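Engineer: Any chance you can model this:
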Amino acid sequence: MRPTSGAIPNRNYSPEAREVTLTKEELLDYFNEHVLYELLMLRYAKGRLRSQTQILWNSMFATFNVSARNLYEFLNNKGGNNEINVHDYRAFYGNFERSSISDITGTLQLLNEQCFHMGKKRPKAVDKKVNLDRIQTVFDWVEGNVTSLLNNFETSFRAQIQIERADPSRVTHAEVSGPTGASPSPSATNHPTFLSNKKQ
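Structural biologist: This is a model prediction of the structure:
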């Protein structure tokens, strides 16, 4: 099947060669588990990028960049044939079309050189590094396109999206948390502990 008018073409993307064939339930599970996790981390990291200590700023900057790139690649069908792309949701997103990437391509290139490779072009001078203005532009692009995607999902599909999982204000700040609560040692998890709105 060729991409619909709402999909974003990618020269290296071949729908015919896709190894990923997911049911509606599996797509929902993936979105709730992984797409919203990346959105959560993007939002949380962005909110902490005015931290007072340089080491914390650097940590949040790295986190922001990873989630921003993952969401950018998801929204642009940049993932390989065994990865999930927004095109896999084409049966449910109606007329969704992501906005132009012209405003963020320069920043993405800088992030690639500054953060994702130990290359010779990795900058040292502060004025050559990605600043908060560029970060805001990337953030706005991702937020705008994820919001557009959510708004274009058909009603029954959108109703099953657990959007609260991408809300940093609902995450508790326990030292260590995971799918089943505190664990003996810290580990990465897609299941931060959330505050509940339910009355006890």
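Engineer: which outside residues touch the lowest-mean-pLDDT helix or strand in the chain?
Structural biologist: Using mean pLDDT, DSSP states H and E, the weakest-scoring helix or strand in the chain turns out to be helix 105-115, at a mean of 76. Here helix 105-115 makes contact (CB atoms under 8 Å, 6 or more residues apart in numbering) with 61-62, 65, 68-69, 72, 101, 119, 121-123, 129-130, 134-135, 137-138. Quick note: C-beta positions are derived from backbone N, CA and C, even for glycine.
Engineer: Quick check: what element follows it along the chain?
Structural biologist: As assigned by DSSP states H and E, the chain's next helix or strand after helix 105-115 is helix 132-152.
Engineer: Now do the buried residues in stretch 129-140.
Structural biologist: By 16 or more other CB atoms under 10 Å, the buried positions in stretch 129-140 come out as 129-130, 134-135, 138-139.
Engineer: Max pairwise distance over those: which two?
Structural biologist: Greatest spatial distance among the buried residues of stretch 129-140 (CB to CB): Lys129 and Phe139, at 16.7 Å.
Engineer: Could you export the buried residues of stretch 129-140 to JSON lines, including columns for distance to Glu25 and pLDDT?
Structural biologist: JSON lines is the format used below for the buried residues of stretch 129-140 (distance: CB to CB, whole Å; pLDDT from 0 to 100):
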{"residue": "Lys129", "distance to Glu25": "43", "pLDDT": "73"}
{"residue": "Val130", "distance to Glu25": "39", "pLDDT": "74"}
{"residue": "Arg134", "distance to Glu25": "38", "pLDDT": "85"}
{"residue": "Ile135", "distance to Glu25": "35", "pLDDT": "89"}
{"residue": "Val138", "distance to Glu25": "32", "pLDDT": "92"}
{"residue": "Phe139", "distance to Glu25": "31", "pLDDT": "95"}
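Engineer: Can I get those residues in JSON lines including distance to Ala91?
Structural biologist: Compiled in JSON lines, those are given as follows (distance: CB to CB, whole Å):
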{"residue": "Lys129", "distance to Ala91": "42"}
{"residue": "Val130", "distance to Ala91": "36"}
{"residue": "Arg134", "distance to Ala91": "35"}
{"residue": "Ile135", "distance to Ala91": "34"}
{"residue": "Val138", "distance to Ala91": "29"}
{"residue": "Phe139", "distance to Ala91": "29"}
